[in-house]
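J.: here's a sequence, model it:
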Amino acid sequence: MAFYRAQPSYLYPAVPFTGEIQGGLQDGLQITVNGCVHPGASRFAVNLQAGFNENNIAFHFNPRFELGGYVVCNTKQNGQWGAEERKMSMPFQKGVPFELCLLVQSSHFTVTVNGIFFVQYPHRVPFTSVNAIAVTGSVQLFYITFKPSGSGHANLNPVTPTVLPPMAQSPQMFPTPGIPPTMYPSPTYPMPYFSSIPGGLYPSKSIIVVGTILPNAKRFHINLRSGSDIAFHLNPRFDENAVVRNTQVRGSWGSEERQLLRPMPFRRGQSMSVWIMCDSYCFKVAVDGQHLLEYNHRLKNLAAINNLEVNGDVQLTHVQA
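T.: Predicted coordinates for the structure are as follows:
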């Protein structure tokens, strides 16, 4: 089976950020911006633009938290802004992670926030002129991914973000609570893979596992461990077309959970990214930027869940724990 290769993603780029869109915009391209709004934010912006300056912005998406909250959309040509389009509602919350998806279509951009349709913005200039994405303002970025039309999965192989002048790097707007995440940029990892989770888990803590599923894969698993116990066992099984979840305490498994609200998201021979976010009452799991499931905590001492294990028919390319 052939491997699908899309543009690599930008992982944890500092803001302000400007990065290349390889090949420019194309009809059907979906760009996903995943991050978190600063608790004291006044506004931020995501720009799809021509070049690495702000003279020509095909789509300016600008949430503003004043006046009850609203979003400005606009286009800048040769340094001059056009007429603003305002939507007097605010889909973002301060201090809360978000997923912003920008879908390029023939006559307009379609914008969804956290999987919910928000706005359409008609093209004022040819979208083919766009070859860069810029993010500014009071926001922390987790990743930016690119999913071309017809592809099954976005490619989250990490790259070093392209940040060019005149925009200068600034300190991270606000750090992840607790100890900063450990980044492992090595292109390959030994299997089975083990890593500590510094400080253990806590609400808002995220684990990201990126890799490629082997073409003849039968199954693999991601375990979040508390000592010899497994607090969360995430086990895609291709031989059963299922994603099994469970907890093991003192060597005994509990009851399996298998139900999904959407089809099996993992595919043999293709890239995958798994984002596990620890909430106060459950684990929330997203695959390739799309929410998949929740798993209620069975082991309540989150701080004691301090080890990550990955094994099975997968090759890892990036881990953040």
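J.: leaving out the residues flanking it, which one is nearest to T18?
T.: Here the nearest residue to T18 in space, its sequence neighbours aside, is A134; by Cβ to Cβ, 6 or more residues apart in numbering that works out to 4.4 Å. Every C-beta, even on glycine, is put in place using the N, C-alpha and C of the backbone.
J.: ok, now which ones touch R219?
T.: Counting by Cβ atoms under 8 Å, 6 or more residues apart in numbering, R219 makes contact with 235-240, 312-313.
J.: let me fix that: S196
T.: For S196, the set of contacting residues under the criterion of Cβ under 8 Å, 6+ apart consists of 306-308, 321.
J.: L261: how many residues sit nearby?
T.: L261 has 8 neighbours, counted by other Cβ atoms under 10 Å.
J.: cool, and F266?
T.: Summarising burial for F266: neighbours were counted as other Cβ under 10 Å, giving 22.
J.: same thing with N74?
T.: Residues near N74, counting by other Cβ under 10 Å, number 19.
J.: what does G79 give?
T.: For G79, using other Cβ under 10 Å, the count is 10.
J.: might one say that it is in contact with N55?
T.: Yes. Checked against Cβ atoms under 8 Å, the pair G79 and N55 is within contact range at 4.9 Å.
J.: circling back: helix, strand, or coil at the residue nearest to T18?
T.: Under DSSP: H, G, I helix; E, B strand; the rest coil, the three-state class of A134 is strand.
J.: state the distance from it to G254.
T.: Distance check for A134 against G254: by Cβ to Cβ, to the nearest Å, it reads 47 Å.
J.: got it, and A45?
T.: Between A45 and G254 the computed distance is 46 Å (Cβ to Cβ).
J.: neighbour count: the two, which is higher?
T.: Neighbour comparison, A45 and G254: the larger count goes to A45, with 19 against 13 (by other Cβ under 10 Å).
J.: is the more buried one bridged to anything, and to what?
T.: In this structure, A45 has beta-bridge partners T136, where bridges are defined by DSSP bridges.
J.: which parts of the stretch 101-250 of the chain are strands?
T.: Secondary structure of the stretch 101-250 of the chain (DSSP state E, counting those that start in this stretch): strands located at 108-113, 116-122, 132-137, 139-147, 158-159, 183-184, 193-196, 206-213, 220-226, 229-237, 242-249.
J.: JSON lines for those strands, including mean pLDDT and distance to E99?
T.: Formatted as JSON lines, the entries for these read as follows, by pLDDT from 0 to 100; distance: least, Cβ to Cβ, whole Å:
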{"stretch": "strand 108-113", "mean pLDDT": "95", "distance to E99": "7"}
{"stretch": "strand 116-122", "mean pLDDT": "95", "distance to E99": "10"}
{"stretch": "strand 132-137", "mean pLDDT": "96", "distance to E99": "14"}
{"stretch": "strand 139-147", "mean pLDDT": "86", "distance to E99": "9"}
{"stretch": "strand 158-159", "mean pLDDT": "45", "distance to E99": "18"}
{"stretch": "strand 183-184", "mean pLDDT": "38", "distance to E99": "21"}
{"stretch": "strand 193-196", "mean pLDDT": "94", "distance to E99": "25"}
{"stretch": "strand 206-213", "mean pLDDT": "86", "distance to E99": "13"}
{"stretch": "strand 220-226", "mean pLDDT": "98", "distance to E99": "20"}
{"stretch": "strand 229-237", "mean pLDDT": "98", "distance to E99": "20"}
{"stretch": "strand 242-249", "mean pLDDT": "98", "distance to E99": "20"}
